[in-house]
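J.: dropping the sequence and predicted coords here.
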Amino acid sequence: MSTLDRPELEAMIDEATVDAYGEDEQRTGLFTMLEEYLALPFTTTVLGVEVTVRGIDRTPDGRIVALCSRGRVRQSIGILDLPLPSPAPEGAEWIEAYRHWAG
């Protein structure tokens, strides 16, 4: 999926975490960039089923999750595990940066 090279991803991470101390604050900085730039909603396929990603959130343990729905069914999926559609939604480069940061 990677469309950005390592220096570009690291520059994005630096931008998001410039004033962050520690892993939790860095994750918060990246979450803020996702909130600001990721175009929502968008559809993607999870385990062969089309779902709509309606938002993102943080779990009590700090993970970033995509808030997915299909009809009345709702489920949070870790953004690290979320398959992206092709073409990816605007702002998906921030998911790529977060994945790079999470290593």
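T.: Sure, I can see it.
J.: going forward, measure contacts and count neighbours with C-alpha atoms only.
T.: Fine.
J.: doesn't Ala97 fall inside a helix?
T.: Yes. When DSSP: H, G, I helix; E, B strand; the rest coil is applied, Ala97 is found to be in a helix.
J.: for it, what are its contacts?
T.: Leu9, Glu10, Met12, Ile13 (C-alpha atoms under 8 Å, 6 or more residues apart in numbering).
J.: ok, now Arg54?
T.: Leu40, Pro41, Phe42, Ala66, Leu67, Cys68, Ser69.
J.: who wins on neighbours among those?
T.: The most crowded member of the contacts of Arg54, judged by other C-alpha atoms under 10 Å, is Cys68 (23 neighbours).
J.: check contacts around that residue.
T.: For Cys68, counting by C-alpha under 8 Å, 6+ apart, the contacting residues are Val51, Thr52, Val53, Arg54, Gly55, Arg74, Gln75, Ser76, Ile77.
J.: now it, what's its secondary structure?
T.: Using three-state DSSP, the three-state assignment for Cys68 comes out as strand.
J.: now it, nearest residue through space, not along the chain?
T.: Val53 (4.4 Å; C-alpha to C-alpha, 6 or more residues apart in numbering).
J.: that neighbour reaches Ala39, doesn't it?
T.: No. Using C-alpha atoms under 8 Å, Val53 is not in contact with Ala39, being 9.8 Å away.
J.: got a list of contacts for the strand or helix carrying Asp14?
T.: Here Asp14, judged by DSSP states H and E, is contained in helix 6-17. Residues outside helix 6-17 that contact it (C-alpha under 8 Å, 6+ apart): 25-27, 29-30, 32-33, 94, 96-98, 100-101.
J.: can you redo these as TSV with pLDDT?
T.: Shown next, in TSV, are the contacts of helix 6-17 (pLDDT from 0 to 100):
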residue	pLDDT
Glu25	95
Gln26	96
Arg27	95
Gly29	96
Leu30	97
Thr32	96
Met33	97
Trp94	97
Glu96	96
Ala97	96
Tyr98	96
His100	95
Trp101	96
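J.: how about these, which pair is most distant?
T.: The largest distance within these, taken as C-alpha to C-alpha, falls between Glu25 and Glu96 and amounts to 18.3 Å.
J.: buried ones in the biggest helix by length in the chain?
T.: What stands out as the longest helix in the chain, according to DSSP state H, is helix 22-37. Using 16 or more other C-alpha atoms under 10 Å as the test for burial, helix 22-37 gives Gln26, Arg27, Thr28, Gly29, Leu30, Phe31, Met33, Leu34, Glu35.
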